[in-house]
Every structure is written in structure tokens, then in C-alpha cells.
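**Q** What shape does this take:
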Amino acid sequence: MWVTASNRTAITDAYAQAGEELCGADPGNPDRAASRFLAWLHAQRNRWLIVLDDLAEPADIRGLWPPDVPHGRTLVTTRRRDTALFSDGRHMVPVGVFTPDQAMSYLTATLPRHGNAATDAELGLLAEELGYLPLALSQAAAYLTDQGMGVGAYRRLLADRAGTLADSVPQSDSLPDDQGLTLAALWSLSVDRADQLRPVGLARRMLQLTAMLDPNGIPQRLLTGPPALAHLGGNRAGRGTPVTPAEALGALRALHRMSLIDHKSDGPLPAVHVHQLVQRATRDDLAVRDRDKAAVAAADALAAIWPDIEREVDLTKALRANAGTVIAHAGTALYAKGVHDLLFLLGRSLDEAGQLQAAIDHLSAMLDTATIHLGPDHPDTLIARNNLARMRGEAGDPAAAAEATADLLTDGLRVLGPDHP
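**A** Residues are numbered from 1 along each chain as shown. The predicted model follows:
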């Protein structure tokens, strides 16, 4: 079983779905369905394997580890090295970059096929300068192929840019040793080229938008809706030529062509996947003001496609995962004009899915931030208090819910008056 472990909600949803399909668990209570699935694994005598892919936070898996039994295996992929992940008998297996021979084999198999032959010495130097990082080698091969550029000329171009991108290097704990600057230089060349492809000037802004969202799957419709189009058209201000959905798709294809994203336009839920290192480099290259604008645009785009009734299971999971990611990147930018609708939508979605503890945790954090940045008497702060009180009652704490509601009534009368609707 493969689980995209980008956050605790995604893990719970995957377990709950398995619990429904394998154990007949009630899908209306995801937490209980997930627990039933874990118990089912413990009782099985057949061999099983659970893959938890791209675990972002060790705390997300607390209480959700598959059982340690002789007939079962759990494999976790993550960029984290926290001790908590490999305690209790778990073993960490570092996965590094290509060996020089593997890098040479990749480049030899890729470049000559496109008429871009190079000597072994040139390929070896290129692989070394790219740090043998598979992502970097893939993007370099795409750039060389599209440009028809020789390896020697590409190495000179790469060296010319390498000294100017120190500020856009991803954090060291996300990269192999000494690989950050090389990847940043390659990212800059690739995104420059993507921005020159038709539709010219949109790829960079599209990449900025995707950098605020879930790397494991961004619904295509999110990136082609009105809020996304408005963001993409930011550098066309005053020209009277709004960006069209077709142009947004063209920008995605340009990024896909340069291996900056993976755009899967077929299937029931067309989506975009972006490597986290590409996202990190993109965010780091933005000024704070521009980063906040991109994050708010991503939140606007998410809110615009969130359905009133959540009928599509895969879409709902993707929306929650993307909401969690953009909220983490946006910070207080989502409180600049009141509490952003996305924050309320995520709370409602978690509540309706039966994930009450996740909903309470989310609303508690939202309320704390709203109180600090908007003040305790702001209408959105009062709404957040009301929602939190109701969910605490649903979670089985009627006394706390009643006390919170009584306090809220007093404050609401004081702030809004007795005649407020």
C-alpha cells in the first residue's frame, strides 16, 4: 500500500480508505477507520508492505505507525533525519545521489539519442559539476536537448551564473552535501528558458504559484481558474490582455518540458507534481512581499474550487493537502484582510469528514493567530471562537463548549450589539 504522507490528514485518509475497503470500517469516522485498519494489519498472517512516501513531519506519524510484526514491513521516505523516525528498532537507510558511473550512464543514454554527443571527459565534468544529483542531471539534459547546446558551452554558462545565486540556495538539510548552489544555478537557467517558451512570460509566475502548494499533487483546475489567471496576468497590468486558461495550460507544459514540474493532464484528476527542491529554490528567490502575494493567490485559487458538497474523494484529499501546505507557507499573509476563506473551508472540511481532533487543532491555531493579528473583537475572530466551541461539543466536551459559547455570547453582544443578525 502506497501512502502519500505529506501531512497527518493525508495519512489518516489513506488508512481510513483502506479500512473501509478491507475491513468494512465506517468511512464517516476516519480516525476510527484508520485505527481499525492498523489493527487489521496486526492480525494478518499474510505478508504486507506499507510505503509512507515523503513524510514531512515526524509528529504526523505519531500513533499511526503500522505494527511491528514479523510478516509486515513499513518503508518511509523522508528528507528528515530526526531520531524519532529510526528509534524502536527502525533502521535508516540513506539514499544518496548517483555514483559517477550511474551519472555517466544516464547522460550517455540521454544526450546522444538527441544528437548531442559529447566525450566521456565532458560528460564526467558536467556530472561532477552538477553534483551527481538526478534532478539536476535530468533538467540539464532537457535544457541541452531543447537548446541544441554543446556540453562545453553549457558548462561555461552554468559557471557564469553560479556566483550570483547564493541567496536562492535551498536550506542545507534538504540537499546532499555541497549540492545546493549547483542546483540553484541549474534551476535559474531552466526557469529562464521556460519563461521564454510560449506563452512567453508566464512560466515563472506559474512556478511561483505551484511553489506554495502541495508538491505531491496540485489539481490542474486550481491552476487554470480565475484567481490563478489573475496572478499569472500580474505582469500584464494595463495591457488589456487577460491570461486565458489555454495560456495557463501552456505555461504548465513549458515547465513540464524543462523538467521543473511533472504535469499529468490525463486521468480523472489532472494534476501537477513539483519537486520540493524546485519549490524551495523558487520561494527563496522571491522577496517577502512577492512571496506573500503568491501565497494569497494560491489560497484564493484553492478557495475558488472548493465545493460546497465534497463528493469527489480524491479531489477533497488533494484540496486538504494543498490547503495545509499553503497555510504553512503563507503565515500571517492570510490574515491581512481578515481570516482568509481557505482557513474556514479547511476547518469545515475536516469537521464534515469526522476528523474532529484535526479540525480542533486547526481552528485553535487559527483562533490564536486571528486574536493576535486582528484582535479579539474582530468579527472573524468571533466566528472562529463559535466554530471551535461547536466542534469541542461534537468531540465530546459539552461543558467546555457551553462555557466557551456563553463567553462568546457576552462578547458578541458587547461588540456587535443585540440586534446584529
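**Q** Test my guess that residue 326 contacts residue 301.
**A** No: the pair residue 326 and residue 301 fails to qualify as a contact (Cβ atoms under 8 Å) at a distance of 9.1 Å. For every residue, glycine as well, the C-beta is placed using N, CA and C.
**Q** residue ranges of the strands in the stretch 1-150 of the chain, please?
**A** Per DSSP state E, counting those that start in this stretch, the stretch 1-150 of the chain carries strands over the ranges 2-4, 48-55, 72-78.
**Q** Which parts of the stretch 101-250 of the chain are helices?
**A** The residue ranges that make up the helices of the stretch 101-250 of the chain, judged by DSSP state H, counting those that start in this stretch, are 120-129, 134-147, 151-162, 180-196, 203-210, 220-224, 226-232, 245-257.
**Q** sorry, back to before: quick one, which of the strands of the stretch 1-150 of the chain gets closest to residue 244.
**A** Proximity of the strands of the stretch 1-150 of the chain to residue 244 was assessed by Cβ to Cβ; the nearest stretch is strand 2-4, lying at 31.3 Å.
**Q** Next, the buried residues of that closest one.
**A** Buried residues in strand 2-4, defined by neighbour count with 16 or more other Cβ atoms under 10 Å: 3-4.
**Q** mean confidence score for that strand?
**A** The average pLDDT within strand 2-4 is 92.
**Q** Check what contacts it and list those residues.
**A** Around strand 2-4, the neighbours that count as contacts under Cβ atoms under 8 Å, 6 or more residues apart in numbering are 10-11, 14-15, 50-54, 216-217, 321.
**Q** Count the neighbours of residue 274 for me.
**A** Taking other Cβ atoms under 10 Å as the neighbour definition, residue 274 ends up with a count of 22.
**Q** what residues are up against it?
**A** By Cβ under 8 Å, 6+ apart, the contact set of residue 274 is 207, 210-211, 213, 215, 218, 260-262.
**Q** If we only consider the contacts of strand 2-4, which is nearest to residue 203?
**A** Taking Cβ to Cβ as the measure, residue 217 is the one of the contacts of strand 2-4 closest to residue 203, at 19.7 Å.
**Q** How much space separates that closest one from residue 324?
**A** In this structure, residue 217 and residue 324 are 13 Å apart, going by Cβ to Cβ, to the nearest Å.
**Q** How about residue 414?
**A** According to Cβ to Cβ, residue 414 stands 34 Å off from residue 324.
**Q** Which of the two has more residues huddled nearby?
**A** Between residue 414 and residue 324, counting by other Cβ under 10 Å, residue 324 is the more crowded of the two (20 against 9).
**Q** Verify the stated contact: that one with residue 347.
**A** No: when contacts are counted by Cβ under 8 Å, residue 324 is not listed as touching residue 347 (11.8 Å).
**Q** Contact partners for the nearest residue to residue 394 once chain neighbours are set aside?
**A** In space, residue 394 comes closest to residue 356 once its chain neighbours are excluded; the distance is 5.9 Å by Cβ to Cβ, 6 or more residues apart in numbering. By Cβ under 8 Å, 6+ apart, the residues touching residue 356 are 31, 350, 391, 394-395.
**Q** Now the spatially most central residue of the chain: phi and psi?
**A** Nearest to the geometric centre of the chain sits residue 214, at 1.7 Å (Cα atoms, centre = their mean). In terms of degrees, to the nearest 10, the main-chain angles of residue 214 are phi -70, psi 120.
**Q** Residues in contact with stretch 397-410: which ones?
**A** For stretch 397-410, using Cβ under 8 Å, 6+ apart, the contacting residues are 382, 385-386, 388-390, 392-393.
**Q** ah, wrong one, I meant stretch 288-308
**A** Residues outside stretch 288-308 that contact it (Cβ under 8 Å, 6+ apart): 208-209, 211-213, 219, 221-223, 225-228, 230-231, 234, 283, 286, 315, 319, 322-323, 326-327, 329-331, 333-334, 336, 340-342, 345, 349.
**Q** go on, stretch 12-31?
**A** Surrounding stretch 12-31, the residues in contact under the criterion Cβ under 8 Å, 6+ apart are 1, 3-4, 32-38, 40, 64, 313, 317, 320, 353-358.
**Q** Beta-bridge partners for residue 262, please?
**A** On the basis of DSSP bridges, residue 262 is bridged to residue 273.
**Q** so who does it touch?
**A** Counting by Cβ under 8 Å, 6+ apart, residue 262 has contacts 256, 272-274.
**Q** Of those residues - the most surrounded one?
**A** Scoring the contacts of residue 262 on neighbours with other Cβ under 10 Å, the highest-scoring entry is residue 272 at 24 neighbours.
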